[in-house]
Structures are given as structure tokens and as C-alpha cells.
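In: take a look and give me a structure for this.
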Amino acid sequence: DAKPFPHLVLDGIFHPVLLELVAEEFDAHPGSGWFDVRSKYERFRRSTSPVGLGPATQLYFDIVNSGWFTDWLSSLIDVQYLLADPRLWGGGLHESQTGATFAVHRDFNRHPILGLKNEMVFITYLNKGWQPEWGSALELWDKKADVCVAKVQPEFGRTILLPHGPASYHGHTQPLEAPDGRPRRSVAAYFYTSPLAGTQHGVEAGTMFMKKQGIDHAKAIVRMLMPPVLWSLAKKVMHR
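Out: Residues are numbered from 1 along each chain as shown. From the prediction side, this is the model:
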């Protein structure tokens, strides 16, 4: 029921000590491990790979990408077979400096390397004492009306689940202007589905066992395609 499109904002789902350590590790992340994004539409930097992440940050992503956590996310957004990306393409550490903005946009539809369908982005903010007048709130836009409907302040410990879809336009158009020059920091992970998820693929979905000098392909195919009752009858005939 969230407007202008489905999303969920949660506070306090991670232990604050863990997030404090994650925030500290931004300063220790190696300079070669950052990618600076600079265009007329966006200004920020993000980590380039999981290599070099600090122990607390790695623990955060181990939790977020774990099987039980991914199953929980699947239940929240009602998408089956949700897949994590442990290499964190497009995710990882995100940081914006004074004056930074991010034009209203939709995220990518597919992972550029794996070809998986983008289903959602999961973001946790790391900014203590954030004030709305500093700018850089995450804005959720109604594309048809061309208006910002909701704002999510990037406050410490706040997490947003942002499902991807044709209406999921967001950004932060108000420039970052914290009085002490502090950056805006967050950690993010994307989640995907396979276009083949939940479907049977005949012999490709079964295990092949060696029999004598070769592999009994014909029997494996028949077993995959034949209803269990008929297969049981067929085995009785073959063993007579």
C-alpha cells in the first residue's frame, strides 16, 4: 500500500554496534577500491568489489546475502527464488560528498554480467543525527504526476527495501549540504531472479548416473517426463 509504489522502510533491524563499525570502515577502505561516478545526472562513489571490505562490513553482507535472510526478503516482497549477488555488482559501499545529487531514475533491469532480472535493492543508511535541512533524502517519485510523493531520510540504522519495477522512480535531487562537510553513507545490495526459476528442465534437472560403460540417457529422460505411477508400472514390466 506504500505510495507512490510498493516499498518498505524499517528501523533498527541491525545491531547498532555492527553498523557503527561498518561506518568506521569506510575511512579504511583502500583508495583503489572506489569507483567515482561523475555525470550530469549523478555524483557519488561506490566500492568496486567485495575485495578489501572490512570485517564488520563483510559480516553485514554475509547476513544480507545469506539463505535465511534472502528467504525472508522473498516473503516480504512476494517474489520466489530470490537470488543474492555476493560480488555486489552496483552495491557495496556508497558515499556522497557535499553538493552531491542523484537525478530521479529507475535502476537497471538486468545484471549486466549474469543476465538475471533485478527484483530489488536493499539499502541501510549509516548517518547519525541526520537533519532534513541537510538535503539528500531519498525521494520516491510518481512518474505520471511528475512529483515527489515521499522522502526517506538517510538516518543511521534505517533500511529501505525498494522493489524494482516500471514505477520505481527515485533519487535525491536536493544537494547534500551538511554543515560540517560530513558525507552521506550507506551500504546496498541488489537481489535478482532467474528467468528459468521455478520451472522443470527435463533431463537437465536430474542427476545422471553411470551404468556399465555409458550413461543411460534414454531411461533418465523417460523417468523425468513420465508420471510417477506410470514409471512405477514401467519398472515392473522391465524387471519381468
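
In: contacts and neighbour counts: CA atoms only from here.
Out: OK.

In: all strands for the protein, in order.
Out: 8-11, 34-38, 43-47, 83-84, 92-96, 102-105, 117-125, 138-142, 147-152, 158-163, 169-172, 184-193, 210-211, 214-215 (DSSP state E).

In: so which residues make contact with the second one?
Out: What it means is strand 34-38. 43-48 (C-alpha atoms under 8 Å, 6 or more residues apart in numbering).

In: biggest helix in this protein, by residue count?
Out: Within the chain, and with DSSP state H defining each element, the longest helix by residue count is helix 16-28.

In: who does the most centrally placed residue in the chain bridge with?
Out: Centroid-nearest residue in the chain: residue 190, 1.6 Å away (criterion: C-alpha atoms, centre = their mean). Here residue 190 sits in beta bridges with residue 121, going by DSSP bridges.

In: who touches it in this structure?
Out: Neighbour list for residue 190: 84-85, 88-91, 118-122 [criterion: C-alpha under 8 Å, 6+ apart].

In: from residue 107, how far out is it?
Out: Applying C-alpha to C-alpha, to the nearest Å, the value for residue 190 to residue 107 is 10 Å.

In: any common contacting residues for the two?
Out: Counting by C-alpha under 8 Å, 6+ apart, nothing touches both residue 190 and residue 107.

In: circling back: give me the mean pLDDT for the longest helix of the chain.
Out: For helix 16-28, mean pLDDT is 97.

In: check which helices and strands that helix sits against.
Out: helix 55-64 (3 or more C-alpha pairs under 8 Å, 6 or more residues apart in numbering; DSSP states H and E).

In: quick check: angle from the helix it packs on to helix 16-28?
Out: Angle, helix 55-64 to helix 16-28, by axes from the mean of the first three to the mean of the last three C-alpha atoms, to 10 degrees: 120 degrees.

In: any idea of the pLDDT on residue 237?
Out: For residue 237, pLDDT reads 61.

In: same check, this time on residue 51
Out: We note a pLDDT of 88 for residue 51 in this prediction.

In: show me what contacts it?
Out: residue 33.

In: so how far is residue 33 from it?
Out: Counting by C-alpha to C-alpha, the separation of residue 51 from residue 33 is 8 Å.
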